[in-house]
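Participant: Predicted model, plus sequence, below.
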Amino acid sequence: NKHAKSLLIEHFKEEIGTVILSYFLTPKSYAEVFLKILPSMRIYLDYVKGYEKSRSLLAVIRSKPTLHEQKFLSKFDCLGYLSANATQTLHLDSILVMPVSRLPRYKLLLNEQIKVARHLDGGPDNLEQLNKIHSGLSVHAEEINEEVRKMNAA
């Protein structure tokens, strides 16, 4: 019995430790999540840098596709994309552009959240976090816009 009691106490300590640790490591709001992933959103810049090459290559492939390329394209062009209202078919070109528009959508969402946070009693900390995220997203968006300007000038 003493051994079983000892095992139970050890198990209890591990469980409590896990709960306490997860409380400190788990974000308390989606703003904290955004702050944690904000540096990795720079990956959108890398995507935009390769986007034009991908689009050009896709145009070349579409102009004279091999049998293998035809099968590949037909799989993507027949993919159904579930939207809020209905299922629609998107061509690969449309799917490739989706990540390019994601960062501006995040900014729009964040602008709305900042408006709401100003009127709610979310506290100045929440508003400060949202403003930090907005600043970070703006920097990333400006980098992307600059890259697009360079590509258009070339």
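Facilitator: Structure received.

Participant: where exactly do the strands run in this structure?
Facilitator: Counting by DSSP state E, the chain has strands at residues 80-82, 87-89.

Participant: Worst mean pLDDT among those strands?
Facilitator: When these are ranked by mean pLDDT, strand 80-82 comes last with a mean of 51.

Participant: number of nearby residues for the nearest residue to Asn131 once chain neighbours are set aside?
Facilitator: Spatial nearest neighbour of Asn131, chain neighbours left out: Ile114 (7.0 Å); criterion: Cβ to Cβ, 6 or more residues apart in numbering. (C-beta placed from N, C-alpha, C; glycine too.) Applying other Cβ atoms under 10 Å, we find 15 residues neighbouring Ile114.

Participant: mind checking pLDDT for Ile114?
Facilitator: Ile114 carries a pLDDT value of 86.

Participant: Verify the stated contact: it with Ser135.
Facilitator: No. Under the criterion of Cβ atoms under 8 Å, Ile114 makes no contact with Ser135, lying 11.3 Å away.

Participant: what residues are shared contacts of these two?
Facilitator: Taking Cβ atoms under 8 Å, 6 or more residues apart in numbering as the contact rule, Ile114 and Ser135 touch no residue in common.

Participant: Verify the stated contact: Ile61 with Leu73.
Facilitator: Yes. Assessed by Cβ under 8 Å, Ile61 is found in contact with Leu73 at 7.1 Å.
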